[in-house]
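# Got a predicted structure plus its sequence, pasted below:
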Amino acid sequence: MSICHASGFGRTFAKASAPESKSGRAAKPRLAIVLSGCYSLAVTLSLRSLRRSLVLLALGVSFVVQTGNFGSGDTARRFQVTHWLWQNVPPVARHDSPDFGQIGRGGVRYAWYGIGQSLLMLPADMLVTAFSPSGLRRATHFSQFRSLAVALLTFPALDALAVWLGFELLLELEFTPPVAALGAMSLLFSTTFLHYMQVHQENNQILLCALAGYWGVLRWRRTARMSALAIAAAALGFSILIRIPDLAVAGSVLLFGVAVVVNSRDLSAASRARALRLLVAMLSGGFLLGFAGDRFYQWRRFGSPFTFYTPMPMAYLRNVLHLHLPPGYPFSYPLFWGIYKPLFSANKSLFIYDPLLVITLVLALGLWKRLDRKLRYGLLSLLLMLAGTILGYAKYVDWSGNAAWGDRFTTVPVDLLAMLAVPMLWRYRSLLPRRDFRLLAWSGIGGATLMQFLSLPLNDNIERLQLAYSPTHSFFIPARRVVNLVALAGHRFTAWGLANNPYLQQHGVSVNLLPAYLNSLGEHRLAVFAWMLWLLILAFTLGFAMRLAFRAGKQAGRLEENPAALTAASDSRSDLSRFRENCLK
């Protein structure tokens, strides 16, 4: 028996879902309830199909956008830590820059990152190394092959899991299955989630933890299953291991769960109190375990659990390299500009790089009183997460993550808010004028998707390097990306003066995709085969995505035209077990 049922909380759910007759006995199900139960079984079957389709689509997209490496020097350094965890190699590669890392125990130079992403890559690294033939291990490009294999075995699966959890979370928020599928597809194609499927920074893994946290809380509240709450607690704890400054994720999920439980009208005061204690204990326990694991890792490297990542390299820069840094560095950035620029600067504004966020905010402000209670709590918690993240990095000199498509540190709350835009737009479209609905839908979704697609063909460092060497030091990065793509397609990159810095002049510019990477390694025959396979998978993925979106939209329209079916579909999320019972009687 679970703790939840032992505490009486599960019995409360059972009472709420079992109607009683005047005599005190459970009333016999009427025909309408039986039909609703049969419909819930049909919905379950369609849910399986939607889940498989979304996972398959996410895996296809992930292969199409692969670059052949991790797409980030930070992730490559974390991969070196992965080797160190189980092989006799240093935690920082010997050929790495001398100003990276910090001298720790035994005079060893350690990376200052958290251990979370390194742990995620560990199973794939062990598998690839164990099954690689000895001849391949001695090959010139084995390190590149191992990075590619680990990237393909690790991150596509995690990204597909995130898309699936996004779908499940929207179902828990009582969106119909086809509308939830459209929302998950908008996360995949129309947010910066797509960019970080190619650049394997920590963003999508923290987003996965946040999705698991929100989903686990709602699933536990609906079904009283302790396993769902345990998943939420474990995910929040692991997010601390990935990047400890993102404490706002765990705090926001906890506040959301508290709001949901406190405002549960189907629970008595005593049941609410027991559920609240259980929720806080479980989520706080997961958080504390993650924090303890991070502090142990810090002690293992540097001999003290009380130090954090950023001040250590700064001490190295001051004391060893004797650089003159301003007081409080690296937290010396003006607070006002650290808040203003993530919101409104031309090259880092989260509204520019995630336009769906604008739709979510407009709909939330205009339709607040009509929104479902759980949706309102979710929006408020995500806005608090966004505000906490912006404030947390506001005084950091690298407040945006520098080499990134937009602001790298705010992507988790922004992507979660943006994921709600399409489902909200569909659910409440009857309250909007037809013309306004079409304008919002096509301009917002189309612009957001185009913005994410622009990030894929070229490395996101190109515009940053051009900006650093620009005479005026000011141009709009998305517009410059379009110019760069046109110049590259027409072989006019140098002629137009776009290679304006030594790095681009020496290394040139190429397409940031796996077949082009293989060609750069001298594997020309393999690159030709990879291009053919890439084009085939691209055609399949685009066709599959368009077909899935069309069928989901069509099915969503049919559900809304049939109110009885729509009611059964929404009821199936809250009373699914009772409906199945009644259908089978």
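Great, that's in hand.

# Report the separation between Val199 and Asn69.
According to CB to CB, to the nearest Å, Val199 and Asn69 sit 10 Å apart. In short, each C-beta sits where N, CA and C put it, glycine included.

# And Ala403, by the same measure?
Distance, Ala403 to Asn69, by CB to CB: 15 Å.

# for Asn263, same thing?
The gap separating Asn263 from Asn69 is 48 Å, by CB to CB.

# do the same with Arg77
Distance, Arg77 to Asn69, by CB to CB: 13 Å.

# So if I had to pick from these two, which one is more boxed in?
Using other CB atoms under 10 Å, the more surrounded residue of Arg77 and Asn69 is Arg77, with 21 against 18.

# ok, the nearest residue to the more buried one once chain neighbours are set aside - contacts?
Of all residues not flanking Arg77 in the chain, Ala111 sits nearest, at 5.4 Å (CB to CB, 6 or more residues apart in numbering). By CB atoms under 8 Å, 6 or more residues apart in numbering, the residues touching Ala111 are 77-78, 80-81, 91-92, 100-101.

# Are any of those buried, and if so which?
77-78, 80-81, 91-92, 101 (16 or more other CB atoms under 10 Å).

# Among those, list the two that are farthest apart in space.
Arg78 and Gly101 (12.2 Å; CB to CB).

# For the longest helix along the chain, enumerate the helices and strands it packs against.
Secondary structure assigned by DSSP state H gives helix 524-561 as the longest helix of the chain. With contacts defined as 3 or more CB pairs under 8 Å, 6 or more residues apart in numbering; DSSP states H and E, the packing partners of helix 524-561 are helix 31-64, helix 177-190, helix 514-520, helix 563-574.

# cutoff 10 Å now
helix 31-64, helix 177-190, helix 421-427, helix 514-520, helix 563-574 (3 or more CB pairs under 10 Å, 6 or more residues apart in numbering; DSSP states H and E).

# ranking the ones you listed by mean pLDDT, which is last?
Across these, the stretch with the lowest average pLDDT is helix 563-574; it has a mean of 48.

# picking that back up, quick one, the longest helix of the chain and helix 177-190 angle?
Calculated by axes from the mean of the first three to the mean of the last three CA atoms, to 10 degrees, helix 524-561 forms an angle of 150 degrees with helix 177-190.

# CSV please, covering the contacts of Ala111 and showing pLDDT, distance to Pro245 and secondary structure.
Formatted as CSV, the contacts of Ala111 follow (pLDDT from 0 to 100; distance: CB to CB, whole Å; DSSP: H, G, I helix; E, B strand; the rest coil):
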residue, pLDDT, distance to Pro245, secondary structure
Arg77, 94, 18, helix
Arg78, 95, 16, helix
Gln80, 95, 22, helix
Val81, 96, 18, helix
Pro91, 94, 21, coil
Val92, 93, 21, coil
Phe100, 84, 19, coil
Gly101, 83, 19, coil
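
# Nearest to Arg408, out of these: which one, please.
Proximity of the contacts of Ala111 to Arg408 (CB to CB) peaks at Arg78, which lies at 15.0 Å.

# quick one on the thing from earlier: can you list residues touching both of Val199 and Asn69?
Here Val199 and Asn69 have 75, 512 as joint contacts, going by CB atoms under 10 Å, 6 or more residues apart in numbering.

# Tell me which stretches of the stretch 251-400 of the chain form strands.
Read by DSSP state E, counting those that start in this stretch, the stretch 251-400 of the chain holds no strands at all.

# got any ranges where it has weak pLDDT?
Applying pLDDT under 70 to the stretch 251-400 of the chain picks out residues 309-323.

# before we move on, back to that, can you put the contacts of Ala111 in JSON lines and add distance to Phe256?
Listed next are the contacts of Ala111 as JSON lines, based on distance: CB to CB, whole Å:
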{"residue": "Arg77", "distance to Phe256": "34"}
{"residue": "Arg78", "distance to Phe256": "30"}
{"residue": "Gln80", "distance to Phe256": "37"}
{"residue": "Val81", "distance to Phe256": "33"}
{"residue": "Pro91", "distance to Phe256": "37"}
{"residue": "Val92", "distance to Phe256": "39"}
{"residue": "Phe100", "distance to Phe256": "38"}
{"residue": "Gly101", "distance to Phe256": "37"}
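
# List just the nearest of those residues to Leu254.
Distances from Leu254 to the contacts of Ala111, taken by CB to CB, are shortest for Arg78, at 27.3 Å.

# thought the closest one was touching Ser118?
Yes: assessed by CB atoms under 10 Å, Arg78 is found in contact with Ser118 at 4.8 Å.

# Just give me the residues shared between the contact sets of the two.
111, 242.

# and for Arg78 and Gly101, which residues touch both?
By CB under 10 Å, 6+ apart, Arg78 and Gly101 have these common neighbours: 111, 113.

# quick one on the thing from earlier: a markdown table for the buried ones among the contacts of Ala111, including distance to Leu241?
Below are the buried ones among the contacts of Ala111 laid out as a markdown table (distance: CB to CB, whole Å):
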| residue | distance to Leu241 |
| --- | --- |
| Arg77 | 16 |
| Arg78 | 12 |
| Gln80 | 17 |
| Val81 | 12 |
| Pro91 | 16 |
| Val92 | 19 |
| Gly101 | 19 |
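
# Let me know the closest of those to Leu165.
Among the buried ones among the contacts of Ala111, and counting by CB to CB, the member closest to Leu165 is Arg78, at 22.9 Å.

# Please report how far that closest one lies from Phe193.
20 Å.

# What of Gln466?
Gln466 is 26 Å from Phe193, by CB to CB.

# Comparing those two, which residue is more hemmed in?
Phe193 (28 against 20).

# three-state assignment of that one?
Following DSSP: H, G, I helix; E, B strand; the rest coil, Phe193 is assigned to coil.

# neighbours of Thr360, just the number please.
By other CB under 10 Å, 25 other residues sit near Thr360.

# typo on my end, Phe331
Phe331, neighbours per other CB under 10 Å, totals 16.

# for Gly392, same thing?
Neighbour count of Gly392, defined by other CB under 10 Å: 17.

# just checking, it touches Asp246?
Yes: with contact defined as CB under 10 Å, Gly392 counts as touching Asp246 (8.0 Å).

# between those two, what contacts are shared?
Shared contacts of Gly392 and Asp246 (CB under 10 Å, 6+ apart): Phe409.

# Endpoint to endpoint, stretch 430-441 covers what distance?
Chord length of stretch 430-441, first to last residue, is 13 Å (CA to CA, to the nearest Å).

# Show me what counts as buried in it.
Within stretch 430-441, the residues scored as buried using 16+ other CB under 10 Å are 432, 437, 440-441.

# One more: stretch 466-484?
466-467, 477-478, 480-481, 483-484.

# would you turn those residues into JSON lines with pLDDT, secondary structure and distance to Ala162?
What follows is those, written out as JSON lines (pLDDT from 0 to 100; DSSP: H, G, I helix; E, B strand; the rest coil; distance: CB to CB, whole Å):
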{"residue": "Gln466", "pLDDT": "86", "secondary structure": "helix", "distance to Ala162": "32"}
{"residue": "Leu467", "pLDDT": "84", "secondary structure": "helix", "distance to Ala162": "31"}
{"residue": "Ile477", "pLDDT": "90", "secondary structure": "helix", "distance to Ala162": "26"}
{"residue": "Pro478", "pLDDT": "92", "secondary structure": "helix", "distance to Ala162": "25"}
{"residue": "Arg480", "pLDDT": "90", "secondary structure": "helix", "distance to Ala162": "30"}
{"residue": "Arg481", "pLDDT": "93", "secondary structure": "helix", "distance to Ala162": "25"}
{"residue": "Val483", "pLDDT": "91", "secondary structure": "helix", "distance to Ala162": "32"}
{"residue": "Asn484", "pLDDT": "91", "secondary structure": "helix", "distance to Ala162": "29"}
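
# so where's the stretch 1-150 of the chain shaky on pLDDT?
Checking the stretch 1-150 of the chain against pLDDT under 70 turns up 1-46, 137-140.

# and if we set it to 80?
1-47, 99, 134-141 (pLDDT under 80).
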